[in-house]
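S.K.: here is the input, now give the coordinates:
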Amino acid sequence: MNIDVHSHFYPSQYIEELKRGGGYAYIEFNEYGSMIIKYEGDYNVVVKPHIDVLERIKVMDKYGIDMQILTLTTPGVEREPVDRGVKLAKIVNDSFSEIVERYPDRFRALAILPLQSPDIAVEEFRRAILDLGLNGAIIFSNINGKPLDSKDFWPLYSEAEKLGFPLFIHPTSPVNLKFMEDYRIVPMFGFPVDTSLAVLRLILSGVIEKFPSLKIVVAHLGGVLPYIIGRIDTCVQAYPEAKKVIGKPASAYLKNMYFDSICYNNDILRFSCDFLGADKIMLGTDFPHQITDIENAVWRVKQLGIGELEERMILGDNAIKVFKIN
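M.R.: Residues are numbered from 1 along each chain as shown. Here you go, the predicted model:
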């Protein structure tokens, strides 16, 4: 079974709420008549598979995707006022649960959480897992500029570890946004960099050591971390400030995480498979964004030249284990 662990969907009720205006994320239409969801630093062009399940299934069938894990994409809900963020989170999570119930052979979903209020976010995480049957949660690489290693979010990590469901770290508007607003540098470069910063801080702060059974999934094949982890390990060894709360090289914690396969390059995917291990990588497409790799995602895995067991791990077996897919 080929399971895409990184895809995005906008429930109709969520779209209707954005159309009413008054929030951080808002809707405009471009010169071609396409709906755009805008927010500080970037925007998303809404295409039919973002909002139409049946159209989505057609594309999945065309490219050999048996199941997708649905998530809400940037900017999430945590940049909204608390009441609005909680309302949007419940709308999205309830809608995802309904889609999964209607199409149990094609979809699973991750909750969106109102992390501007960490206590409410934990309650919503529990509701999403225990009442709605979702398979984890997506969290963004910074929460209104606050790093993920902040102790405000530790109760969520504790709850996710206790329940045994993963947190999927996805990029959002980078903390150093000022120099990335031109040329659409935000999704091009800022997203993987902000993801990498978030994960590195989780490692160096001791969060990963404190919650050793917490399942973390990192978007976009780990951002830039797999390629600079040798430098990071050297710096951790050299700088007392870097190793004051961790007892192992940073690479040891990184290799205990999971990653989607999105990198758009066969050689990089092959390197990452060798370095991280086939048991840590899962198929991803970023569908249906403008830069989706759904046309090539399954093919990229099949051309790696790895064994059949490892290929099955990446294409679906790892996802079944990590996300507890029945």
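S.K.: any chance you could map the helices in the stretch 201-326 of the chain?
M.R.: Remark: helices assigned in the stretch 201-326 of the chain by DSSP state H, counting those that start in this stretch are 207-210, 225-238, 250-254, 266-276, 297-302, 308-312, 318-322.
S.K.: who wins for proximity to Thr285 among these?
M.R.: Among the helices of the stretch 201-326 of the chain, the nearest to Thr285 by CB to CB is helix 297-302 (4.7 Å). Yep, even glycine has a C-beta here, placed from its N, CA and C like the rest.
S.K.: same for the closest one, what does it pack against?
M.R.: The contact analysis (3 or more CB pairs under 8 Å, 6 or more residues apart in numbering; DSSP states H and E) places helix 297-302 against helix 266-276.
S.K.: can you give the contact residues for the helix it packs on?
M.R.: Residues outside helix 266-276 that contact it (CB atoms under 8 Å, 6 or more residues apart in numbering): 221-222, 226, 254-255, 259, 261, 263, 281, 300-301, 303-306, 310, 314.
S.K.: list the buried ones in that helix?
M.R.: Residues of helix 266-276 classed as buried by neighbour count (16 or more other CB atoms under 10 Å): 269-270, 272-273, 276.
S.K.: got it, and stretch 208-218?
M.R.: If you call a residue buried by 16+ other CB under 10 Å, then stretch 208-218 has these buried ones: 208-209, 211, 214-218.
S.K.: same check on stretch 71-85?
M.R.: Judged by neighbour count (16+ other CB under 10 Å), stretch 71-85 contains these buried residues: 71-80, 84-85.
S.K.: mind checking the pLDDT average for stretch 301-309?
M.R.: The average pLDDT for stretch 301-309 rounds to 96.
S.K.: could you give me the buried positions within that stretch?
M.R.: 301, 304, 306.
S.K.: okay if I get those as TSV plus distance to Asn318?
M.R.: Listed next are the buried residues of stretch 301-309 as TSV, based on distance: CB to CB, whole Å:
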residue	distance to Asn318
Val301	11
Leu304	14
Ile306	13
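S.K.: select, out of the helices of the stretch 201-326 of the chain, the one closest to Lys48.
M.R.: Among those, helix 297-302 sits nearest to Lys48 (CB to CB), with 19.5 Å.
S.K.: for that closest one, output the C-alpha coordinates as PDB.
M.R.: Taking Å, rounded to 0.1, in the frame of the first residue of the first chain, the C-alpha atoms of helix 297-302 are listed here in PDB:
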ATOM      1  CA  ALA A 297       6.900  10.500  -5.600                       C
ATOM      2  CA  VAL A 298       6.300   6.800  -5.900                       C
ATOM      3  CA  TRP A 299       8.700   6.600  -8.900                       C
ATOM      4  CA  ARG A 300      11.500   8.300  -6.900                       C
ATOM      5  CA  VAL A 301      11.300   5.500  -4.300                       C
ATOM      6  CA  LYS A 302      11.100   2.700  -6.800                       C
END
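S.K.: can you list contacts of it?
M.R.: Around helix 297-302, the neighbours that count as contacts under CB under 8 Å, 6+ apart are 2, 4, 63-65, 261-262, 266, 269, 283-285, 293, 311, 314-315.
S.K.: next one: stretch 189-208
M.R.: Around stretch 189-208, the neighbours that count as contacts under CB under 8 Å, 6+ apart are 41, 141-142, 147-149, 154, 157, 169-177, 180, 214, 216, 218-220, 222-225, 232, 236, 242, 245-246, 250, 253-254, 256-257.
S.K.: tell me the buried residues in it?
M.R.: Using 16+ other CB under 10 Å as the test for burial, stretch 189-208 gives 190-205, 207-208.
S.K.: same check, this time on stretch 49-68
M.R.: Within stretch 49-68, the residues scored as buried using 16+ other CB under 10 Å are 49-51, 56-57, 59-60, 63, 65, 67-68.
S.K.: got the CA coordinates for that stretch in CSV?
M.R.: This file holds the C-alpha atoms of stretch 49-68, laid out as CSV (Å, rounded to 0.1, in the frame of the first residue of the first chain):
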residue,chain,number,x,y,z
PRO,A,49,-8.3,18.8,-5.0
HIS,A,50,-7.7,21.1,-2.0
ILE,A,51,-11.5,21.2,-1.5
ASP,A,52,-13.0,18.3,-3.5
VAL,A,53,-12.5,14.8,-2.1
LEU,A,54,-13.6,13.0,-5.3
GLU,A,55,-11.4,15.1,-7.5
ARG,A,56,-8.5,14.3,-5.1
ILE,A,57,-9.1,10.6,-5.3
LYS,A,58,-8.9,10.7,-9.1
VAL,A,59,-5.4,12.2,-8.9
MET,A,60,-4.4,9.7,-6.2
ASP,A,61,-5.5,6.9,-8.5
LYS,A,62,-3.6,8.3,-11.4
TYR,A,63,-0.3,8.4,-9.6
GLY,A,64,-0.6,5.2,-7.5
ILE,A,65,-1.4,6.7,-4.1
ASP,A,66,-3.6,4.3,-2.2
MET,A,67,-4.1,6.5,0.9
GLN,A,68,-3.3,10.0,2.0
